[in-house]
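Engineer: return atomic coordinates for the entry below.
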Amino acid sequence: MFDVRLVVQVKLLPTPEQAAALEATLHAANRAADLVSRIAFTQRCFRNYDLRKHTYDRIKAE
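Structural biologist: So this is what the prediction gives:
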């Protein structure tokens, strides 16, 4: 069996308020990803479940 993927490229035309909200969301997601990456490498913890135990509360608090 094979995996079929559909990729769609869209152009967003947000209002200024929507653009600000989208930018804030992307910055928050990037900060969270950076934190998870930093913790994973400093603690040598790479399993999904274990990594979530170390990071979930800290990310949620932000």
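Engineer: flag the shaky bits of the chain, pLDDT-wise.
Structural biologist: Low-confidence regions of the chain, defined here as pLDDT under 70, do not occur.
Engineer: what's the spacing between the most centrally placed residue in it and Phe2?
Structural biologist: The residue lying closest to the centre of the chain (CA atoms, centre = their mean) is Ala29, at 4.0 Å. From Ala29 over to Phe2 the distance is 30 Å, taken as CB to CB, to the nearest Å. Just so you know, the C-beta spots here come from the backbone N, C-alpha and C atoms, and that holds for glycine as well.
Engineer: for Ala32, give me its contacts.
Structural biologist: Contact analysis of Ala32 by CB atoms under 8 Å, 6 or more residues apart in numbering lists Ile59, Glu62.
Engineer: ok, Val36 next?
Structural biologist: Val36 makes contacts with Leu51, Thr55, Ile59, as judged by CB under 8 Å, 6+ apart.
Engineer: contact partners of the strand or helix carrying the last one?
Structural biologist: Element membership of Ile59, judged by DSSP states H and E, is helix 48-61. Residues lying outside helix 48-61 but in contact with it, judged by CB under 8 Å, 6+ apart, are Ala32, Leu35, Val36, Ile39, Ala40, Gln43, Cys45.
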